[in-house]
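**Student:** Give me a model of this one.
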Amino acid sequence: MRGSSKQTQEAAEKVVPLKKMIRKTRHSEDPRVAKARHELNNTYDQYKENTQEYSQAKKKLKAAYITVEEEELSSKIGEVEKAHLNCKH
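**Tutor:** Predicted coordinates:
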């Protein structure tokens, strides 16, 4: 039996194309998150003078991360739903 699984694997390697791995960007590299982080860092320099502004900048950074994560999850859910519809007989 071992020989047949090896043959099957060899045949599959010849016929089935390899799928390239796509490296997605990290949430921290998204331009919206980078912009919010930059604003937070600028505001931190003035933190002692205006703590309220710094708190708002922190909230903006958190909101940017949440937005990026929600978009990624929605995209993944869409891919799964599409795959499910394509597999129905």
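
**Student:** Going along the chain, name the helices of the chain.
**Tutor:** Secondary structure of the chain (DSSP state H): helices at 2-15, 31-45, 51-87.

**Student:** Pull the distance from the shortest one to the chain's centre.
**Tutor:** In this case it means helix 2-15. Counting by CA atoms, centre = their mean, to the nearest Å, helix 2-15 is centred 34 Å from the centre of its parent chain.

**Student:** what does the average pLDDT come to for that helix?
**Tutor:** Across helix 2-15, pLDDT averages out at 73.

**Student:** what sits against the spatially most central residue of the chain?
**Tutor:** Nearest to the mean C-alpha position of the chain, counting by CA atoms, centre = their mean, stands Glu72 at 5.1 Å. With contact taken as CB atoms under 8 Å, 6 or more residues apart in numbering, Glu72 is in contact with Lys24, His27. C-betas here are computed from N, CA, C, even on glycine.

**Student:** Low-confidence regions, this protein specifically.
**Tutor:** 1-3, 21-23, 48, 88-89 (pLDDT under 70).

**Student:** Kindly recompute the last result at 90.
**Tutor:** Flagging of the chain using pLDDT under 90 yields the residue ranges 1-31, 37-58, 79-89.

**Student:** still on that earlier bit, can you tell me which of the helices of the chain is most buried?
**Tutor:** helix 31-45 (a mean of 15; mean count of other CB atoms under 10 Å).

**Student:** and the gap between Leu18 and Ala12?
**Tutor:** Computed with CB to CB, to the nearest Å, the distance linking Leu18 and Ala12 is 11 Å.

**Student:** make that Ala63, sorry
**Tutor:** From Ala63 to Ala12 the distance is 46 Å (CB to CB).

**Student:** now do Val68
**Tutor:** Taking CB to CB, one finds Val68 at 37 Å from Ala12.

**Student:** can you tell me which residues contact the nearest residue to Lys35 once chain neighbours are set aside?
**Tutor:** Taking CB to CB, 6 or more residues apart in numbering, and ignoring the residues beside it in sequence, Lys35 has Ala64 as its nearest neighbour in space, at 7.5 Å. The contact partners of Ala64, by CB under 8 Å, 6+ apart, come to Asp30, Arg32, Val33, Lys35, Ala36.
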